Structures are given as structure tokens and as C-alpha cells.
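K.L.:
Below are the sequence and a predicted model for it; my questions follow.
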Amino acid sequence: MEQIYKKRYGLPKSEHLVGRSDIARLYESGKKIVEQPLLVVYLPTSVSRQIRVLFAVPKKHFKLAVDRNRYKRLLREAYRLNKESLLECAENKGLGIDIAISITNSERLSFASVEERMIKILNILTETLNENDC
């Protein structure tokens, strides 16, 4: 009998926030969390049990594409490894959430410090959702 295993750690395309109108709505009416140098904008959605995320590193802070891509890679990896509590909360609540994670300054961080800040942000998001009876 063939069993289908769900990848515990992964970031499939279905979890990527794409679409100009969805991104514009997120930045217009989303709530913000700042954990320097990360800025998170989030917006609960009506799509049940779906968390979509966008990673943005502005050219203003990192001029070279190599540096922007490296930082996005660090952000994606930190999110991917630590998203379980947020996914579990969204599943229990039966709601979705759109998230944009971006950089607010030119500070170059190691993966350990990026991951530490990402964990803090994900804990704050989970607590915020828990306050809404998650």
C-alpha cells in the first residue's frame, strides 16, 4: 500500500504570495510587526488554512542582486524551518494569512541572527492568531 507523506519542511509554490492585487491589498490594509531589521506585514484572509508569504529585499538597501538574492535565501530558509507553529495555528483556526517579510536597513546578518529574529516574529504572529481563539 502506497502512503503519501506530507513534507514537514518545505515551501511549495502554493505558499508563495503572488499577484499584484493581493500584494497591494496586503500592503494597504495589513498590520505591521517590526523586529529590526525585519518588517512583517500580515493580513488574515478568508481562504481557509492557507498561509502565503512574500520575501522582499529592496534595492535601496542592497544594491547588488547577489546580495539581495542571498538575503532572500536566508529569509526563506529561516521561515521554512520555523513555520510549523504558525501553520498549526492556522489549521486549528481554519483561516488563512498573507505575510510579507522585508528588510528595513542595510545591516548584514548571519543566518543564526536572521533565524532568531524570524522565530520571534513567527511567535508574535502565532500569539496574535491565538488571541483570536486559535
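P.N.:
Yep, it's here. Just so we're clear, the structure is a prediction, and the values are computed from it rather than from any experiment.
K.L.:
which stretch of helix or strand covers Lys63?
P.N.:
Assigned by DSSP states H and E, Lys63 belongs to neither a helix nor a strand.
K.L.:
where's it relative to Ser106, distance?
P.N.:
Lys63 sits 9 Å away from Ser106, going by Cβ to Cβ, to the nearest Å. To be clear about C-beta, it is placed using only N, CA and C from the backbone, and glycine gets the same treatment.
K.L.:
distance between the helix or strand hosting Ile124 and the chain's centre?
P.N.:
Assigned by DSSP H and E, Ile124 belongs to helix 111-131. Remark: helix 111-131 is offset 9 Å from the chain centroid, using Cα atoms, centre = their mean, to the nearest Å.
K.L.:
Report the mean confidence score over it.
P.N.:
Regarding helix 111-131, the rounded mean pLDDT is 91.
K.L.:
Residues in a beta bridge with the residue nearest to Val53 when sequence neighbours are not counted, which ones?
P.N.:
The shortest distance from Val53 to any non-neighbouring residue, by Cβ to Cβ, 6 or more residues apart in numbering, is to Ile99 (4.6 Å). Note on Ile99: beta-bridge partners by DSSP bridges are Tyr42, Val53.
K.L.:
Mind jotting down where the helices sit in the chain?
P.N.:
20-29, 65-82, 84-93, 111-131 (DSSP state H).
K.L.:
then the helix or strand of the chain with the lowest mean pLDDT to PDB, C-alphas only?
P.N.:
Counting by mean pLDDT, DSSP states H and E, the weakest-scoring helix or strand in the chain turns out to be helix 84-93, with a mean of 85. This file holds the C-alpha atoms of helix 84-93, laid out as PDB (Å, rounded to 0.1, in the frame of the first residue of the first chain):
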ATOM      1  CA  GLU A  84       5.200  24.800  11.900                       C
ATOM      2  CA  SER A  85       3.600  26.700  14.800                       C
ATOM      3  CA  LEU A  86       2.000  29.200  12.500                       C
ATOM      4  CA  LEU A  87       0.700  26.500  10.100                       C
ATOM      5  CA  GLU A  88      -0.700  24.500  13.000                       C
ATOM      6  CA  CYS A  89      -2.500  27.600  14.400                       C
ATOM      7  CA  ALA A  90      -3.900  28.500  11.000                       C
ATOM      8  CA  GLU A  91      -5.200  24.900  10.600                       C
ATOM      9  CA  ASN A  92      -6.800  24.900  14.000                       C
ATOM     10  CA  LYS A  93      -8.400  28.300  13.400                       C
END
